[in-house]
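**Student:** Pasting a predicted model and its sequence here:
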Amino acid sequence: MKPKTRSARVRVRLLFGCAAACVGCLGAVFLWMWRCLRRAPNKTGTVLLAGWAACLALTALLVWFFSSARRRREQYAQRELERANRDMREIQLQKRKEQLNALQNQINPHFLYNTLDTIRGLAIERGAMDVADIVATLSSMFKYSMDYANSLVPVSDELEHLNSFLRIQAIRFPRKFTFEQRMECEFRDLNRVRIPKLVLQPIVENVFTHAFRRMLFGGRIVLRLVASEEEFQILVTDNGAGMRDEQVLAMNRMFRACEPERHSDGGHSSIALSNIDARIKMYCGERYGLYIASTPDYGTTVTVSLAWPESLPERASPAGEREP
């Protein structure tokens, strides 16, 4: 049950309870007046005066109660409006900060592209095809990350960027790992569903940094794309070192609270995952984001929950990136 529906039902029950109490009080007053008139018919004026005074007092109490309830509702609505405006200002401020950081960190991309193409050409001339492949893949990744025009991209684009990263890792660490992608959705869903840029590659990079840190071979990464009526999920599973229960609980609590925490083990990675979770929530809504499940010495699964295009909130794309 949604919180708003629950609170509305509580208010209705409270209203009916107050109305029943008022009817009971009025009935008690009239019953008292009837008994007094039967016992002392000569004191009719006094009984009527007391009865009317009790009725007026009860009416004043009802007026005060309902006016107070209305005033509380108006105050609650005002607080909700202020909170929504504050959240919107924070989102806009965060977007401006991202744009400013992008401008501050931006290097002339054409110079870097040309330099990478030159290195690739030299590698091909000297027969170093593996170096040429790495440079071409790195150039593709660089172009993807330097495209600041779109904050939301199709899942297919994010998967292509991840595959570029894995190609480089396969050349760096031959026979260290295998990668498997399982589709439990329709292919068109990969172009329909939007995801904040640079979500999957940092998650998989954490696998190499932490889960496979002590493994020389035998690593396995499985990526599942799962579609359901409520959401679209991407599950990244590894067979690495795993995480302790307290670490998993702390990180999932961090995701729910949207507050980054630094742990003694892998503090930088926890902050990186927290930033990914915060970006997903900013674009898709609070119910979406990251969730971690892990068993020590058996592996870890990171679940990325995304909204379907028709479920995206209006604020998800302030720059007009919302899918038509």
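**Tutor:** Received the coordinates, thanks. Remember, it's a predicted structure, so these values are computed and weren't measured experimentally. Numbers count the residues shown, from 1 in each chain.
**Student:** Give the next helix or strand downstream of the lowest-mean-pLDDT helix or strand in the chain.
**Tutor:** In the chain, the helix or strand scored least confidently by mean pLDDT, DSSP states H and E is helix 3-39, which has a mean of 64. Downstream of helix 3-39, the next assigned helix or strand under DSSP states H and E is helix 44-105.
**Student:** just how off-centre is stretch 185-198 within its chain?
**Tutor:** Centroid separation for stretch 185-198 versus its chain: 17 Å, with C-alpha atoms, centre = their mean, to the nearest Å.
**Student:** next one: stretch 211-230
**Tutor:** The answer for stretch 211-230 is 22 Å, by C-alpha atoms, centre = their mean.
**Student:** do the same with stretch 232-245
**Tutor:** The answer for stretch 232-245 is 19 Å, by C-alpha atoms, centre = their mean.
**Student:** Next, the buried residues of that stretch.
**Tutor:** Neighbour counts over stretch 232-245 (16 or more other C-beta atoms under 10 Å) mark 232-243 as buried. The C-beta positions use only the backbone N, C-alpha and C, and glycine is treated the same way.
**Student:** Quote the end-to-end distance of that stretch.
**Tutor:** 26 Å (C-alpha to C-alpha, to the nearest Å).
**Student:** pLDDT on it, on average?
**Tutor:** For stretch 232-245, mean pLDDT is 94.
**Student:** so who does residue 170 touch?
**Tutor:** Contact partners of residue 170, counting by C-beta atoms under 8 Å, 6 or more residues apart in numbering, are residue 177.
**Student:** Now the helix or strand harbouring it: average pLDDT?
**Tutor:** Using DSSP H and E, residue 170 sits within helix 155-172. Mean per-residue pLDDT for helix 155-172: 93.
**Student:** next helix or strand past that helix?
**Tutor:** Using DSSP H and E, the helix or strand that directly follows helix 155-172 along the chain is strand 177-184.
**Student:** how about the residue nearest to residue 161 when sequence neighbours are not counted, secondary structure?
**Tutor:** Leaving aside its sequence neighbours, residue 161 sits nearest to residue 144 (C-beta to C-beta, 6 or more residues apart in numbering; 4.9 Å). Secondary structure of residue 144, reduced to three states by DSSP: H, G, I helix; E, B strand; the rest coil: helix.
**Student:** for the stretch 101-250 of the chain, what spans make up the strands?
**Tutor:** 152-154, 177-184, 194-196, 219-227, 232-238 (DSSP state E, counting those that start in this stretch).
**Student:** Please identify the most buried of these.
**Tutor:** strand 194-196 (a mean of 25; mean count of other C-beta atoms under 10 Å).
**Student:** Taking the buried residues of stretch 232-245, tell me the two that lie furthest apart.
**Tutor:** 232 and 241 (28.7 Å; C-beta to C-beta).
**Student:** right, and residue 158 touches residue 200 too?
**Tutor:** Yes - using C-beta atoms under 8 Å, residue 158 is in contact with residue 200, at 5.2 Å.
**Student:** residues touching the nearest residue to residue 113 once chain neighbours are set aside, list them.
**Tutor:** Among residues not flanking residue 113 along the chain, residue 139 sits closest, at 6.4 Å (C-beta to C-beta, 6+ apart). Counting by C-beta under 8 Å, 6+ apart, residue 139 touches 113, 116-117, 120.
**Student:** which of these has the most neighbours?
**Tutor:** Counting neighbours by other C-beta atoms under 10 Å, residue 120 leads these with 19 neighbours.
**Student:** List the contacts of the closest residue to that residue other than its chain neighbours.
**Tutor:** Closest residue in space to residue 120, ignoring its immediate chain neighbours: residue 135 at 4.2 Å, by C-beta to C-beta, 6+ apart. By C-beta under 8 Å, 6+ apart, the residues touching residue 135 are 116, 119-120, 123.
**Student:** from the contacts of residue 139, which single one is nearest residue 311?
**Tutor:** Closest to residue 311, out of all of the contacts of residue 139 and judged by C-beta to C-beta, is residue 113, at 37.3 Å.
**Student:** Quick check: that closest one touching residue 141?
**Tutor:** No - under the contact definition of C-beta under 8 Å, residue 113 does not touch residue 141, with a separation of 11.9 Å.
**Student:** In three-state terms, label residue 302 for me.
**Tutor:** Residue 302 ends up strand, using three-state DSSP.
**Student:** How is this structure partitioned into domains?
**Tutor:** 3-104, 173-316 (automatic domain parsing).
**Student:** Which one of the ones you listed lies nearest to residue 129?
**Tutor:** Checking the domains of the chain against residue 129 by C-beta to C-beta gives domain 173-316 as the closest, at 14.7 Å.
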